[in-house]
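Asker: here is my input, please return the structure:
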Amino acid sequence: MGHSHDHDHGHHHHHHTNNKKALFISFLFISIFMIVEIIGGLLTNSLALLSDAGHMFSDAFALGLSLFAFKLSEKAANVQKTFGYKRFEILAAFINGITLVGISLYIFWEAYHRFLEPPNVNGTMLWIAVIGFIVNVIVAFILMYSGDTEDNLNMRSALLHVLGDLLGSVGAIIAGVLILLFGWNIADPIASILVALLILISGYRISRDSIHILMEGIPANLSFEAMENRLVQIDGVISIHDLHAWTITSNFPSFSCHMVVEENTDRDLILKKAAKVLHDEFSIHHTTIQVEGIDADIEKQEDCCN
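Answerer: Sure, this is the predicted structure:
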C-alpha cells in the first residue's frame, strides 16, 4: 500500500488569508449599501431596485457564509472528520447557488404581477442604482484581484452573487433612464426579468458544480482514461482497476487505485513513479495506491466470474 500527500501549504495558506480579507471587506460594503437600497426601493416603489436590494441581501448572506466556511475549514482534522472541515466550503457554495436560483424565481414572480398592473415608479431609483453599481464594481474588483476566484468554488460562488447584483444595478439604471425620459414604467419589470435570467444561469452553474463535487465526481480538469493509460505505461505495471478520483474541496483533488504489477518488481519504485506522474502531470498531491501481484488480479477476475 502506498500513500502520498504533498500539498503546498504555504501557497494554500496565502490564498486562504487573502480570500478571508477580500470576503470581509466585501461583506462590509455590501451590507451597508443593502440597507440604503432597501429604503430607496420602498420609497421609490421600484421592483428593479427592490430586487437588486434583495439580491444584495443574498450577497451579504453569501459573503458571510463563504467567510464562515473559510474559518470553519481551518479547524484541524480529527478521528471523526479525517479530512477536517474543508468540504464545508463546497456546502457553502451549494447553498449560495440554490439561493441564487430562489432569488431569480422570486423576481420572475414579482415581475409577472407588475406586468399585469404596471406601478408608478419614482425616477429617484436611478441615482440609488448608480451608487449600487459603483459599490458592486468595487466589491467585484476586490474579490477578483484579492481572492482566488478562479480555482476556489466557494470564492467563485460569492463573486457570481456580486456580479449578478452588478447586472441588477445596470438593469435598474436602464429602467430608471427609460422612466425618467419616457415614463415607461413597464421598463422596471422588464429589467428585473433580464437580471433574473442572468442570476438563474449563475445559480444553476454553481449548484451543478458543487453537487458534482459532493457526489464525488471526477474533477473537471482530469480525464479518467488519461490517468489510467498513463499509469499503465509505467514499467512493471500490468493493469489498473478500482480507480477513483474526486475532490475534497477546491484545489484538493484526491486519487486512489489498485495497481497490478509484474512479479519480482520493485514495488516501492513503482509507487514513487506513479505518485510523481500524478503529481507532475495531473496536479494530484493526495494519492493512495494499492499494489497487487498478478495472482491477486487473477483471483479477483475469477471471483467476478463466479
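
Asker: hang on, residue 99 packs against residue 63?
Answerer: No. With contact defined as CB atoms under 8 Å, residue 99 and residue 63 do not form a contacting pair (11.7 Å). C-beta: built from backbone N, CA, C; applies to glycine.

Asker: which one of these two is surrounded by more residues?
Answerer: With other CB atoms under 10 Å as the criterion, residue 99 and residue 63 differ in neighbour count, and residue 63 comes out ahead with 28 against 23.

Asker: helix, strand, or coil at that one?
Answerer: Following DSSP: H, G, I helix; E, B strand; the rest coil, the label given to residue 63 is helix.

Asker: so what pLDDT did it get?
Answerer: At residue 63, the predicted lDDT confidence score is 80.

Asker: now do the contacts for it.
Answerer: With CB atoms under 8 Å, 6 or more residues apart in numbering as the criterion, the residues that contact residue 63 are 23, 26, 27, 30, 158, 161, 162.

Asker: got the buried residues for the host helix or strand of residue 179?
Answerer: In this structure, residue 179 is located in helix 153-182 according to DSSP states H and E. Buried residues in helix 153-182, defined by neighbour count with 16 or more other CB atoms under 10 Å: 153-176, 178-179.

Asker: circling back: which neighbours do residue 99 and residue 63 share?
Answerer: Both residue 99 and residue 63 are in contact with residue 161, where contact means CB under 8 Å, 6+ apart.

Asker: related to what we said a few turns ago, what is the helix or strand following the helix holding residue 179 packed up against?
Answerer: Moving toward the C-terminus from helix 153-182, the first helix or strand encountered (DSSP H and E) is helix 187-214. Contacts defined by 3 or more CB pairs under 8 Å, 6 or more residues apart in numbering; DSSP states H and E place helix 187-214 against helix 47-73, helix 88-116, helix 153-182, strand 237-249.

Asker: so for residue 216, which of those sits nearest?
Answerer: strand 237-249 (4.2 Å; CB to CB).

Asker: direction included, what does the closest one pair up with?
Answerer: Strand pairing for strand 237-249, using DSSP bridges, gives strand 252-261 (antiparallel).

Asker: tell me the angle of the partner strand relative to helix 88-116?
Answerer: Calculated by axes from the mean of the first three to the mean of the last three CA atoms, to 10 degrees, strand 252-261 forms an angle of 130 degrees with helix 88-116.

Asker: now strand 252-261: buried residues?
Answerer: For strand 252-261, a neighbour-count test (16+ other CB under 10 Å) marks 252, 253, 254, 255, 257, 258, 259, 260, 261 as buried.

Asker: hmm, who's touching that strand?
Answerer: Surrounding strand 252-261, the residues in contact under the criterion CB under 8 Å, 6+ apart are 7, 86, 219, 222, 227, 231, 236-248, 267, 270, 274, 278, 282-294, 296-297.

Asker: tabulate the CA atom coordinates of it in PDB.
Answerer: In PDB, the C-alpha atoms belonging to strand 252-261 read as follows (Å, rounded to 0.1, in the frame of the first residue of the first chain):
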ATOM      1  CA  PHE A 252      -7.700  19.500  -3.100                       C
ATOM      2  CA  PRO A 253      -8.200  16.600  -5.600                       C
ATOM      3  CA  SER A 254      -7.700  13.000  -4.300                       C
ATOM      4  CA  PHE A 255      -6.900   9.800  -6.100                       C
ATOM      5  CA  SER A 256      -6.900   6.100  -5.300                       C
ATOM      6  CA  CYS A 257      -6.500   2.900  -7.300                       C
ATOM      7  CA  HIS A 258      -5.300  -0.800  -7.300                       C
ATOM      8  CA  MET A 259      -2.300  -1.400  -9.400                       C
ATOM      9  CA  VAL A 260      -1.400  -4.800 -10.700                       C
ATOM     10  CA  VAL A 261       2.300  -5.300 -11.200                       C
END
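
Asker: pull the residues that contact stretch 19-26.
Answerer: 63, 66-67, 70-71, 139, 142-143, 146-148, 152, 154-155, 158, 162.

Asker: still on that earlier bit, how about the buried residues of strand 252-261 in TSV, adding distance to residue 196 and pLDDT?
Answerer: Written out in TSV, the entries for these read as follows (distance: CB to CB, whole Å; pLDDT from 0 to 100):
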residue	distance to residue 196	pLDDT
252	34	83
253	34	88
254	37	90
255	40	92
257	45	92
258	49	92
259	51	92
260	54	92
261	56	91
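
Asker: nearest to residue 105 among those?
Answerer: For residue 105, the closest of the buried residues of strand 252-261 turns out to be residue 252, at 32.6 Å, with distances computed as CB to CB.

Asker: run through the bridge partners of the closest one.
Answerer: What pairs with residue 252, by the bridge criterion (DSSP bridges), is residue 249.

Asker: where does the protein have low pLDDT?
Answerer: Scanning the chain for pLDDT under 70 picks out 1-16, 46-49, 51-52, 54-55, 118-125, 147-149, 151, 295-306.
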